[in-house]
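Visitor: Any chance you can model this:
(one chain, ligands or ions: 1)
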Amino acid sequence: MGKFHFRISQSGFIRKKHFLSTSGKLKSCFFTSSSIVSFNIEAERENMGNQNVLIVDAFNLTLSTEGLPNPSIYSIASQQKRPPVVPCGGYTNKKKLMLQNLETNAAAGARPNNCWVESIRASSPTHMKSITPSLLEEKRAWIIRHPSALDMFHEITEASKGKQIVMFLDYDGTLSPIVENPDRAFMSGKMRRAVRQLAKYFPTAIVTGRCRDKVYDFVKLAELYYAGSHGMDIKGPTKGLKYNQKSKVVNFQPASEFLPLIDKVYKVLVEKTKSTPGARVENNKFCISVHFRCVDEKKWNDLAQKVKEVVNEYPQLNWRQGRMVMEIRPKIEWDKGKALEFLLECLGFADCSSVFPVYIGDDTTDEDAFKILRKREQGFGILVMDFLQKLVRWKRDSADTTKSKV
Ligand SMILES: O=P(O)(O)OC[C@H]1O[C@H](O[C@H]2O[C@H](CO)[C@@H](O)[C@H](O)[C@H]2O)[C@H](O)[C@@H](O)[C@@H]1O
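Guide: Below you'll find the predicted structure:
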C-alpha cells in the first residue's frame, strides 16, 4: 500500500485548496470549511479508481495528522491542539455537538448560545483571528512534508481511463475567492478560461447555492450546465451541446411552487434584519442567504435569533449554515447531491459504471454531493485552476496522440 499526502494550492488567492483522498475502502471525508483543517491521506495506488476523493479548502492553515489512526480530516477552528479523529463525514464531534445543540435550540425556539458564534466563526475561511504563530509554523512544516496533489495527477487520470469524466464545480470559494460583498465575488479571467477549456473536453456543471442567473452573470459560459439554488434550478447548456443528453433541453425546478413563499420570506427577512449593521439578505430565487460576514461578532447571536424566529413560522422551510451565512430553503428532498445525480442521468449515466464524476466544492452544502459520490462509489473531488488546466492539457495531449497513431 502506498501512502500519499496531497496538497493542491491555488496560487493568487489568500487560501490553499487541498485535495483529499481516503483509503481504498471509501473512507472519504469532508470538512466544513472551517478556518483550519488538517488531514492525512492513505491510498492504495491500485485502488484509486474506487475512491471517493474530496476537496478540502483550508484557506488559513493545515496541519498534518500523520501517524494518527484512522486518518481523516480534522476541523479545529479556534483550537490549537490536535482535534479528535473524524472517522468519515468531516465534522469533529465537537462541531457536530455544537450544530446539534444549535438545532435543538432552534427547534425549541430558544436563543442560540455561544456555540452558534463559534460555529459561524469556524465556518469562515477568511477569519484569521484564530491563527497563531505556532499554527503558522506547523503549516509551513506541513507544506514541506506534503507534495502537491498535482503530483497525483497520473493516478487520477489512470483511474478515469475508459470512463467519461463529468465535472461539477461549486462557485463561491471554489471558482471565486471569498469576499465580503457577495455581489462582487467575481471569478478571474484565468479561471474562466480554464473552465471554458474544461467544458470543451468534459460535460461541466456549476452547482451552487446562488441564484442561477446570478452565477451565470459571473461565469458567462453558455456551454455549461448550471444548477443554481442548491440544485433547485437546473438548466442545460445553451450552446455547444455535444454530450449524450436524454432530452435536448434540460430545465428543471423541483421547488417551483415555493417561489411565492421565498419572495415573501425574503421581504420579511430584509425587514427583520435591517437594524443589524452589516447584515445582508440575498434572494437566491429558491433559497435565501442571510450573510453574517460583515456583522459584528457580538451581534451574531441576535441576528441568528431573528432569522430563526422568521424561519420557525414557516414549517415548509428550513435552514443550514454555510460560510458566515444562514441558508434558508424549501424543505424538499433535493440538494446538490440530487442535482448531481439528475445531471448524470440527463447525460445518460444514470446507472453507469463508465462515468467518472469529479466534484469540486468547499462548503457544507457540497457534502450532499460528496455523499452521492460515496454512495455511487465513483469519482473524485478535486480542486481549482492548476488542476483544471492540467486536466485539459492531459485530455488534449491524449487526443493528439490518438490522432497521430491513426
Ligand atoms: O454553493 P456556493 O457556490 O458555494 O454558494 C454558497 C453561498 O455563496 C455565497 O456566499 C459566500 O460567498 C460570499 C462571497 O465570497 C461571501 O461573502 C459569503 O460570506 C459566503 O457565504 C453566496 O453569496 C450565497 O448566496 C451562497 O449561498
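Visitor: use CA for all of it now, contacts and neighbours both
Guide: Fine.
Visitor: What parts of the stretch 301-406 of the chain come near the ligand?
Guide: With C-alpha under 6 Å from any ligand atom as the criterion, the stretch 301-406 of the chain meets the ligand at residues 322-325, 363.
Visitor: quick one: is stretch 218-229 near the ligand?
Guide: No - judged by C-alpha under 6 Å from any ligand atom, stretch 218-229 makes no contact with the ligand; its nearest approach is 7.4 Å.
Visitor: What distance separates the opening and closing residues of that stretch?
Guide: From its first residue to its last, stretch 218-229 covers 15 Å (C-alpha to C-alpha, to the nearest Å).
Visitor: rewinding a little: by pLDDT, rank the residues of the stretch 301-406 of the chain next to the ligand and give me the bottom one.
Guide: For these, the weakest pLDDT value sits at Asp363, with 73.
Visitor: Show me which residues of the protein sit near the ligand.
Guide: Contact residues, the chain versus the ligand (C-alpha under 6 Å from any ligand atom): 170-173, 177-182, 185, 208-210, 282, 289, 291, 293, 322-325, 363.
Visitor: Buried by neighbour count, from the residues you listed: which ones?
Guide: 170-173, 177-178, 185, 208-210, 282, 289, 291, 293, 322-325, 363 (16 or more other C-alpha atoms under 10 Å).
Visitor: For the stretch 301-406 of the chain, just list every one of the strands.
Guide: For the stretch 301-406 of the chain, the strands defined by DSSP state E, counting those that start in this stretch cover 317-322, 325-330, 355-360, 380-381.
Visitor: Okay, now stretch 206-216: how far is its last residue from its first?
Guide: Counting by C-alpha to C-alpha, you get 9 Å between the two ends of stretch 206-216.
Visitor: For that stretch, buried residues please.
Guide: Residues 206-213, 215-216 are the ones in stretch 206-216 that count as buried (16+ other C-alpha under 10 Å).
Visitor: do stretch 216-231 as well
Guide: Using 16+ other C-alpha under 10 Å as the test for burial, stretch 216-231 gives 216, 218-219, 221, 223-231.
Visitor: what does it rub up against?
Guide: By C-alpha atoms under 8 Å, 6 or more residues apart in numbering, the residues outside stretch 216-231 that reach it are 185-187, 192, 196, 199, 203-213, 215, 233-241, 284-287, 334-339, 365.
Visitor: Are any of these buried, and if so which?
Guide: 185-187, 192, 196, 199, 203-213, 215, 233-237, 284-287, 335-339, 365.
Visitor: Thr208 contacts Asp170, correct?
Guide: Yes - Thr208 is within contact range of Asp170, at 5.3 Å (criterion: C-alpha atoms under 8 Å).
Visitor: where along the stretch 151-300 of the chain do the helices fall?
Guide: 153-160, 189-201, 212-219, 259-273, 300-312 (DSSP state H, counting those that start in this stretch).
Visitor: Just send these back as a markdown table, with distance to Ser353 too.
Guide: Shown next, in a markdown table, are the helices of the stretch 151-300 of the chain (distance: least, C-alpha to C-alpha, whole Å):
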| stretch | distance to Ser353 |
| --- | --- |
| helix 153-160 | 11 |
| helix 189-201 | 19 |
| helix 212-219 | 30 |
| helix 259-273 | 37 |
| helix 300-312 | 41 |
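Visitor: and these, which one is worst for confidence?
Guide: Among the helices of the stretch 151-300 of the chain, helix 153-160 scores lowest, with a mean of 79.
Visitor: Now do that helix and strand 355-360, the angle between them.
Guide: Counting by axes from the mean of the first three to the mean of the last three C-alpha atoms, to 10 degrees, helix 153-160 points 140 degrees away from the direction of strand 355-360.
Visitor: mind listing what's buried in helix 153-160?
Guide: Using 16+ other C-alpha under 10 Å as the test for burial, helix 153-160 gives 156-157, 159-160.
Visitor: tell me what it is packed against?
Guide: Taking 3 or more C-alpha pairs under 8 Å, 6 or more residues apart in numbering; DSSP states H and E as the contact definition, helix 153-160 has no neighbouring helices or strands.
Visitor: Strands along the stretch 151-300 of the chain, start to end?
Guide: Remark: strands assigned in the stretch 151-300 of the chain by DSSP E, counting those that start in this stretch are 164-169, 204-207, 225-228, 233-235, 251-252, 280-283, 288-291.
Visitor: Each with direction, which strands does the shortest one pair with?
Guide: Just to be clear, that refers to strand 251-252. Strand 251-252 has its sheet partners listed here by DSSP bridges as strand 233-235 (antiparallel).
Visitor: for the second one, same thing?
Guide: Strand 204-207 has these partner strands in its sheet, going by DSSP bridges: strand 164-169 (parallel), strand 225-228 (parallel).
Visitor: residues contacting the residue nearest to Lys299 when sequence neighbours are not counted?
Guide: The spatial neighbour of Lys299 that comes closest, neighbours along the chain excluded (C-alpha to C-alpha, 6 or more residues apart in numbering), is Thr276 at 7.4 Å. Contacts for Thr276 (C-alpha under 8 Å, 6+ apart) come out as 295, 299, 303.
Visitor: Name the nearest of those residues relative to the ligand.
Guide: Closest approach to the ligand among these (C-alpha to the nearest ligand atom): Val295, at 10.5 Å.
Visitor: from what I can see that closest one touches Gly278, true?
Guide: Yes - counting by C-alpha under 8 Å, Val295 touches Gly278, with 4.5 Å between them.
Visitor: roughly how far apart are the closest residue to the ligand within the stretch 251-400 of the chain and Glu345?
Guide: Closest contact between the stretch 251-400 of the chain and the ligand, by C-alpha to the nearest ligand atom, is at Arg323 (4.1 Å). Using C-alpha to C-alpha, Arg323 is found at 30 Å from Glu345.
Visitor: what does Asp363 give?
Guide: From Asp363 to Glu345 the distance is 24 Å (C-alpha to C-alpha).
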